[in-house]
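Enquirer: Fold the following for me, if possible:
(one chain, ligands or ions: 1)
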Amino acid sequence: MLSIDDMDMEKNNKNIDDNNELTLKLKKTFLDSSRVVFLTGAGISKESGIPTFRGQEGLWRKYDPTKIASYSAFVDQPSLVWEFFYSRQRLISLSSFNTAHESIGKLEKIKKPHGCWVLTQNIDGLHQRAGSKNVIELHGNIFGVCCINCYYKKNYSHSDFFNYYDEKKLPICHNCSKILKPNVVLFEEPLPQDEWREAIRLSSSCDLMIIVGTSLNVSPANMLPNYAMDNGAFLVEINPEPTWLSRIMDVSIRGNASNVLPQILDSIV
Ligand code: OAD
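Expert: This next block holds a predicted model:
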């Protein structure tokens, strides 16, 4: 197994001379920070068997999101949108969290209450299943439903899924009989405002932001590292590929989240 010292790290911070120094710096920064924020995306769940959106095998290479994951597609052809989300619900309900989610859950326990947060673009609920308590879901949760007519909402969990799942029937609102929407942010929809405000508040007040498995292509979530940077936070990116914001990171660790995060955890505890 690779040690964190051997990993391919791009050190953008000119004061850090070697990987050992970097490991110590990361440990100290984590322990000293009054607030640590993880910003996560699809890459963290890749090794749980859930495909990412972009890149070679990304979902948006296979499917056109405007046809199956946009608000107008839901209004025009809800059955197509539900077909896509039912198949993802099925996959996610059968998946398990991996060592990356688990390490973040354990790192949260080391910090004081509310000292460590996950802001996730993922809708799979794997952070919570792995033990993280302070999780803000920026794009909703795939096991929830909501009504665009009367605003009824209900959250299910991955383990309820096979009790309410019926591929042939669209879910109907108990209040107003309209077709329910998956409670996720579709293209053309804004982020849930309470979650977004909280994400800005936490990013603007963190001392360390660790950005894991996101291409940072999607706005507005990709603005959060800038809020952290404006607060003088130390920025670390964990991703096998560079992203367009790699240039603002203090450190970019080029590796899979499920390898790198357990090593960060080991170096801290
Ligand atoms: P993307 O598919 O855009 O990016 C996934 C990132 O994960 C890429 O930068 C990969 O290099 C990286 N990656 C792949 N395998 C990894 C691994 N094992 N460990 C760490 N990183 C790895 O996914 P997101 O950035 O999450 O929105 O996409 C953001 C949003 O775009 C999604 O929430 C979704 C999508 O459209 C909505 O559906 C609203």
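
Enquirer: Residue 159 and residue 181: what is the separation?
Expert: Distance of residue 159 to residue 181, computed by CB to CB, to the nearest Å: 22 Å. Every residue, glycine included, has its C-beta placed from N, CA and C.

Enquirer: More neighbours: which of these two?
Expert: Ranked by neighbour count (other CB atoms under 10 Å), residue 159 and residue 181 place residue 181 first, with 24 against 10.

Enquirer: Settle this for me: the more buried one is touching residue 142, isn't it.
Expert: No. With contact defined as CB atoms under 8 Å, residue 181 does not count as touching residue 142 (11.7 Å).

Enquirer: which ones are touching residue 105?
Expert: The contact partners of residue 105, taken as CB atoms under 8 Å, 6 or more residues apart in numbering, are 127, 130, 131, 132.

Enquirer: ok, of these, which come out buried?
Expert: Buried by 16 or more other CB atoms under 10 Å: 127, 130, 132, out of the contacts of residue 105.

Enquirer: Redo those residues as JSON lines? Include distance to residue 219 and pLDDT.
Expert: Output for the buried ones among the contacts of residue 105, formatted as JSON lines (distance: CB to CB, whole Å; pLDDT from 0 to 100):
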{"residue": "127", "distance to residue 219": "22", "pLDDT": "98"}
{"residue": "130", "distance to residue 219": "27", "pLDDT": "98"}
{"residue": "132", "distance to residue 219": "24", "pLDDT": "97"}
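
Enquirer: Relative to residue 151, which of those is nearest.
Expert: Of all the buried ones among the contacts of residue 105, residue 151 sits closest to residue 127, with 25.9 Å by CB to CB.

Enquirer: Which strands and helices lie in contact with the strand or helix carrying the closest one?
Expert: Per DSSP states H and E: residue 127 is located in helix 126-129. For helix 126-129, the packing partners by 3 or more CB pairs under 8 Å, 6 or more residues apart in numbering; DSSP states H and E come out as helix 99-110.

Enquirer: avg pLDDT for the helix it packs on?
Expert: What helix 99-110 shows for mean pLDDT is 97.

Enquirer: So is that helix next to the ligand?
Expert: No. Residues of helix 99-110 are not located near the ligand by CB under 6 Å from any ligand atom, the shortest gap being 7.0 Å.

Enquirer: Which element is encountered next along the chain beyond that helix?
Expert: strand 116-120.

Enquirer: just to revisit the earlier point, and the helix holding residue 127, is it in reach of the ligand?
Expert: No. Helix 126-129 is not in contact with the ligand by CB under 6 Å from any ligand atom; minimum separation 12.7 Å.

Enquirer: who touches that helix?
Expert: 40, 44-45, 48, 92, 95-98, 101, 104-105, 118, 120, 135, 158.

Enquirer: 6 Å instead, please
Expert: 45, 97, 101, 118, 120, 135 (CB atoms under 6 Å, 6 or more residues apart in numbering).

Enquirer: next one: stretch 232-245
Expert: 29, 206-212, 215-216, 225, 249-254, 257, 260.

Enquirer: again, but for stretch 259-269
Expert: Residues contacting stretch 259-269 (CB under 6 Å, 6+ apart): 4, 23, 27, 30, 99, 100, 103, 106, 107, 238, 253.

Enquirer: now those: which count as buried?
Expert: Buried among the contacts of stretch 259-269 by 16+ other CB under 10 Å: 4, 23, 30, 99, 100, 103, 106, 107, 238, 253.

Enquirer: got a list of what residue 222 touches?
Expert: residue 216.

Enquirer: tell me the secondary structure for residue 157?
Expert: At residue 157 the chain is in coil, as set by DSSP: H, G, I helix; E, B strand; the rest coil.

Enquirer: actually residue 244, not the one I wrote
Expert: Relying on three-state DSSP, one would call residue 244 coil.

Enquirer: if I look at it, how far off is the ligand?
Expert: Noted for residue 244: a distance of 10 Å to the ligand, by CB to the nearest ligand atom, to the nearest Å.
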